[in-house]
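K.L.:
Here is a sequence together with a model predicted from it:
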Amino acid sequence: MDRAATAEKIAALIEPFNKKGVEITDATTFAGDLEFDSLTVMDFVAAIEDDFDIIISMNQQAEIENYGQLIDAVVKLQG
Amino acid sequence: MTDLFSKFDPLIEQRRALLATGVTDPFNLVMEKVISPTVALCNGRETILLGTYNYMGMTFDPDVIAAGKQALDDFGAGTTGSRVLNGTYAGHRAVEEALKEFYAMDHAMVFSTGYQANLGIISTIAGKGDYIVLDIDSHASIWDGCKMGDAEVVPFRHNDIEAMEKRLKRIPEGAGKLVVLEGVYSMLGDIAPLKEMIKVAKDNGAMVLVDEAHSMGFIGPNGRGVAEEQGVLDQVDFVIGTFSKSVGTVGGFCVSNHPKFEIMRLVCRPYVFTASLPPSVVATACTSIRKLMHAGNKRAHLWENSRTLHKGLRDAGFQLGTDEPQSAIISVIMPDLERGAMMWEALLHEGLYVNLARPPATPAGMTLLRCSLCAEHSAEQVQTIIGMFERAGKTAGII
């Protein structure tokens, strides 16, 4: 799946977690802009993992701070 | 210069605001005198202890005390050395023998604390390229063990068998897998469906480590823990435990039937690079563990206490962490930290000590009043405790 298609799927997946309706760009951060706490992160990551059938380990999550980095990581993890 | 402490400012402010309300600092209590496993003197007042891990009340057992005193006389105050150098005395071997008998397992390795047992075993056995699949509500020592090692760390939703299975199935073929579970989760006092979870782990080629810190001595026909209770202890590769709960002193351990287990003593850094436990501590632990093998009556009384307190608090209108009592921990859910601290203080004024637990120790940002029962609590004390909760709950506006 290319970056555009991956981004489209992730945009749909993040919607229920974006409770405050923050406008999301590649630079949007999860901890700062979206104010995700650790449980929200776990549920959001689980939703992506289940949809793409991949694992995003905590080690990999530590490298992902913003939305653009997440899309890049998911593109890469799909091989 | 950047002040390295500025990262703690939010916590400093939260603490300042809490104490500014005039509430007693819940994280700074001093026990001036400990009268028994269930009573201590706090602020000059006799206080019932309902927030210790002294589940089996072994801290004042006369045989345990006598063994500790004798070891002090015979072996001195401390070993001043690592287990692999000058820090293994006869008592360290004896307590490992007692653990092997207690669990009916081939190998036992004693650490200086339970925290170090998780830290050491997890970080050492799961290395680069391996995967650790663990429950999101795992204890800090498990998380720190994961962080200290080089394995990929994959958490799943608390006690969610399907979520665990999905993650195991996605792990690349050929990678080593370790599933880490706990018997009793100490914040809410709930137990894990180990039978189902361990089957899934084994079906997917994973080794299994179970932390039975809060179940040892109490749960299971021989007090070996939740895995024994559910009939799957023989499927567990590594049991982690502690001396600082039912055993009544301090120290940690891992027991295992793995044929190569003894190599851990040379490669596990939190075992090697620290001083071993004092002779008096291993002597008290050894005596206590041997007595816990034959503590069926105490176990039965502790279950009675747990059921009575759970029912009493639920009937009084408190919201509890579990629908049924599953362990010796009964967790009372507070609406927020401020009212939790008020309730905690009201209980202390009644003459009752419980644990105030709050994030990050608790799941889902909850504030909890955690009650842990002791086999030495009398039935009468449990009724007194329920009365104290009712009065304090009204004072603090919780019920």
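P.N.:
Yep, that arrived.

K.L.:
A:Val41 contacts A:Phe30, correct?
P.N.:
Yes. The criterion here is C-beta atoms under 8 Å, and A:Val41 meets it with A:Phe30 at 6.7 Å. To be clear about C-beta, it is placed using only N, CA and C from the backbone, and glycine gets the same treatment.

K.L.:
Those two: which has the busier surroundings?
P.N.:
A:Phe30 (21 against 18; other C-beta atoms under 10 Å in any protein chain shown).

K.L.:
so what's that one up against?
P.N.:
A:Phe36, A:Val41, A:Phe44, A:Ile64, A:Glu65, A:Asn66, A:Tyr67, A:Leu70 (C-beta atoms under 8 Å, 6 or more residues apart in numbering or on different chains).

K.L.:
same deal with B:Ala66?
P.N.:
B:Thr287.

K.L.:
Local confidence estimate at it?
P.N.:
For B:Ala66, the pLDDT comes out at 98.

K.L.:
Next SSE downstream of the host helix or strand of it?
P.N.:
In the assignment (DSSP states H and E), B:Ala66 maps to helix B:62-75. Downstream of helix B:62-75, the next assigned helix or strand under DSSP H and E is helix B:90-103.

K.L.:
other SSEs contacting that following helix?
P.N.:
If contacts are counted by 3 or more C-beta pairs under 8 Å, 6 or more residues apart in numbering or on different chains; DSSP states H and E, helix B:90-103 sits against helix B:62-75, strand B:107-111, strand B:252-256, helix B:279-292.

K.L.:
Hmm, B:Arg391 and B:Ile399 touching each other?
P.N.:
No. With contact defined as C-beta under 8 Å, B:Ile399 does not count as touching B:Arg391 (10.1 Å).

K.L.:
how about A:Lys20, secondary structure?
P.N.:
coil (DSSP: H, G, I helix; E, B strand; the rest coil).

K.L.:
distance of it from chain B?
P.N.:
Counting by C-beta to the nearest C-beta, to the nearest Å, the separation of A:Lys20 from chain B is 17 Å.

K.L.:
What is the neighbour count of that residue?
P.N.:
7.

K.L.:
and what of B:Gly317?
P.N.:
12.

K.L.:
Got the confidence number for the nearest residue to B:Thr322 once chain neighbours are set aside?
P.N.:
Of all residues not flanking B:Thr322 in the chain, B:Asp190 sits nearest, at 5.0 Å (C-beta to C-beta, 6 or more residues apart in numbering or on different chains). We have a pLDDT of 98 for B:Asp190.

K.L.:
Contact partners for the nearest residue to A:Ile55 once chain neighbours are set aside?
P.N.:
Spatial nearest neighbour of A:Ile55, excluding adjacent residues (C-beta to C-beta, 6+ apart): B:Arg170 at 4.8 Å. B:Arg170 is in contact with A:Glu49, A:Asp53, A:Ile54, A:Ile55, counting by C-beta under 8 Å, 6+ apart.

K.L.:
just checking, which of these belong to strands?
P.N.:
Among those, DSSP state E puts none in strands.

K.L.:
closest to chain B among those?
P.N.:
A:Ile55 (4.8 Å; C-beta to the nearest C-beta).

K.L.:
What is the neighbour count of residue 19?
P.N.:
With no chain named, the answer covers chain A. For A:Lys19, using other C-beta under 10 Å, the count is 11.

K.L.:
that's the wrong chain, I wanted chain B
P.N.:
By other C-beta under 10 Å, neighbour count at B:Leu19 equals 14.

K.L.:
ok, residues contacting the one helix or strand it maps to?
P.N.:
If you go by DSSP H and E, B:Leu19 is part of helix B:9-20. By C-beta under 8 Å, 6+ apart, the surrounding residues in contact with helix B:9-20 are B:Asp25, B:Leu337, B:Glu338, B:Ala341.

K.L.:
Many thanks, we can stop here.
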